[in-house]
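J.: 3D, please:
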Amino acid sequence: MKSRREFLQISTAAVIGASVKLESKQIDPFSPDEPRKQVKPVVISTWKHGIPANEAAWKILKSGGNALDAVEAGVRVPEADPTVTSVGFGGYPDRDGHVTLDACIMDENGNCGSVAFLEHILHPISVARLVMEKTEHVMLSGAGAEQFAFDNGFKKRDLLTKNAEKKWKEWSKSHQYKPVDFNNHDTIGMIAMDKNGNLSGACTTSGLAWKMHGRVGDSPIIGAGMYVDNEIGGAAATGKGEAVIKIAGSFLVVELMRIGYSPARACKEAVRRIARKQKDFRNFQVAFIAMNKYGETGYYSLQKGFQAAVYLPAKNGKNNNKLFDSDYLVR
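T.: Just a heads-up that it's a prediction; the model follows:
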């Protein structure tokens, strides 16, 4: 007769599978009485396009600017970069050839705004901020979001680059409008802490390449693609948005930090939850980044290949904006 503990251990291993390495024990949360020094300012973002995004954010932070301005300025960089095929201008279109954008932003007071299924606007993150600041709503979508942007001075732009159009036409010939495979969804998510210790976050993407027209992922959804609680920390997600939405991923990471998990451990537990709950987890990528109120950062991914960009206060005058390879679950 097996004990309850043995039964749970066997059941968990069966769900995850032999190809995934599991930890034998949980990392203990830190003691709330332990003295810790707050590091600030700090910026963390996703993927290699997080490096130039961090640079733009840091210019604001080092001059004493606030975290909200920093994250907006930071993610605007990949939004306007035609070489980044998963964010903004240059992003790969949906299966009908439309570049549709999603974004959200959140400040230290819990105020937030987002746009979804937005076309023809270069900087959806700035539209999301105006939704937060000028309306009583949190999210605007589609034609309504586009009209709101025009009413507030944004200009109409053709966001489909020649490169993206070429790739879309090649895909259309070979895939014959069949369901997509989950690649090219490298969202830019960013969490920043300013000199006052306040946190803000931003997330923006052109979404899944060759997605169904009208598809919206996790990036504009507060609590899924990004979430900030100024008392605890912030988190952002990247990868298959459907998988993140199903566990309210970024909110989960922040809540795990609330009960004492380190940022890295919280990100890892969120990834492990996806693996436990979603049987096809070996077929896609998801990753999380996080920062707690101490300015400590962490990141973790489902598959190999994710990178996080972290900018810390410089030591000895050296540049401290670095790209790190993430640890991952599936081996």
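
J.: could you pull out the strands for the chain?
T.: 42-46, 101-106, 112-118, 139-141, 188-193, 199-205, 226-229, 233-239, 286-292, 297-301, 307-311, 321-325 (DSSP state E).

J.: Give me the sheet partners of the second one and which way each runs.
T.: Taking DSSP bridges as the criterion, strand 101-106 forms sheet pairs with strand 112-118 (antiparallel), strand 199-205 (antiparallel).

J.: Turn those strands into TSV, columns for distance to N283, mean neighbour count and mean pLDDT.
T.: The C-beta positions use only the backbone N, C-alpha and C, and glycine is treated the same way. Rendered in TSV, the data for these read as follows (distance: least, C-beta to C-beta, whole Å; neighbours: other C-beta atoms under 10 Å; pLDDT from 0 to 100):
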stretch	distance to N283	mean neighbour count	mean pLDDT
strand 112-118	25	26	98
strand 199-205	20	31	98
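
J.: If we ignore the residues flanking it in sequence, what's nearest G64?
T.: Distance criterion C-beta to C-beta, 6 or more residues apart in numbering; nearest residue to G64, sequence neighbours excluded, is K195 at 5.9 Å.

J.: List the contacts of that neighbour.
T.: 40-41, 61, 64 (C-beta atoms under 8 Å, 6 or more residues apart in numbering).

J.: same thing but at 7 Å, please
T.: When contacts are counted by C-beta atoms under 7 Å, 6 or more residues apart in numbering, K195 is found next to 40-41, 64.

J.: Tell me the buried residues within those.
T.: 40-41 (16 or more other C-beta atoms under 10 Å).

J.: which one of the contacts of K195 sits closest to A80?
T.: Within those, the smallest distance to A80 is 23.3 Å, found for P41 (C-beta to C-beta).

J.: Would you confirm that that closest one contacts L61?
T.: Yes - in this structure P41 lies within contact range of L61 using C-beta atoms under 7 Å: 3.9 Å.

J.: list residues touching both of these two?
T.: Between them, P41 and L61 share these contacting residues under C-beta under 7 Å, 6+ apart: 192, 194.

J.: hmm, back to that, can I get the strands paired with strand 101-106 in TSV including distance to R95?
T.: TSV is the format used below for the strands paired with strand 101-106 (distance: least, C-beta to C-beta, whole Å):
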stretch	distance to R95
strand 112-118	14
strand 199-205	17
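
J.: Could you find the closest non-adjacent residue to G91?
T.: Beyond its immediate neighbours in the sequence, the residue positioned closest to G91 (C-beta to C-beta, 6+ apart) is S206, lying 2.5 Å away.

J.: residues contacting the one you found?
T.: Taking C-beta under 7 Å, 6+ apart, we find S206 in contact with 86-88, 91-92, 99, 101.

J.: Narrow those to just the buried residues.
T.: 86-88, 91-92, 99, 101.

J.: could I get the residues you listed as CSV with pLDDT and distance to K279?
T.: Converted to CSV, the buried ones among the contacts of S206 look like this (pLDDT from 0 to 100; distance: C-beta to C-beta, whole Å):
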residue, pLDDT, distance to K279
S86, 94, 26
V87, 96, 30
G88, 94, 33
G91, 95, 30
Y92, 95, 27
V99, 97, 32
L101, 98, 31
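
J.: Distance to Y294 added to those, as JSON lines?
T.: Converted to JSON lines, the buried ones among the contacts of S206 look like this (distance: C-beta to C-beta, whole Å):
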{"residue": "S86", "distance to Y294": "31"}
{"residue": "V87", "distance to Y294": "29"}
{"residue": "G88", "distance to Y294": "32"}
{"residue": "G91", "distance to Y294": "35"}
{"residue": "Y92", "distance to Y294": "38"}
{"residue": "V99", "distance to Y294": "39"}
{"residue": "L101", "distance to Y294": "33"}
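
J.: Just those: which are in helices?
T.: Secondary structure assignment by DSSP state H places none of the buried ones among the contacts of S206 in helices.
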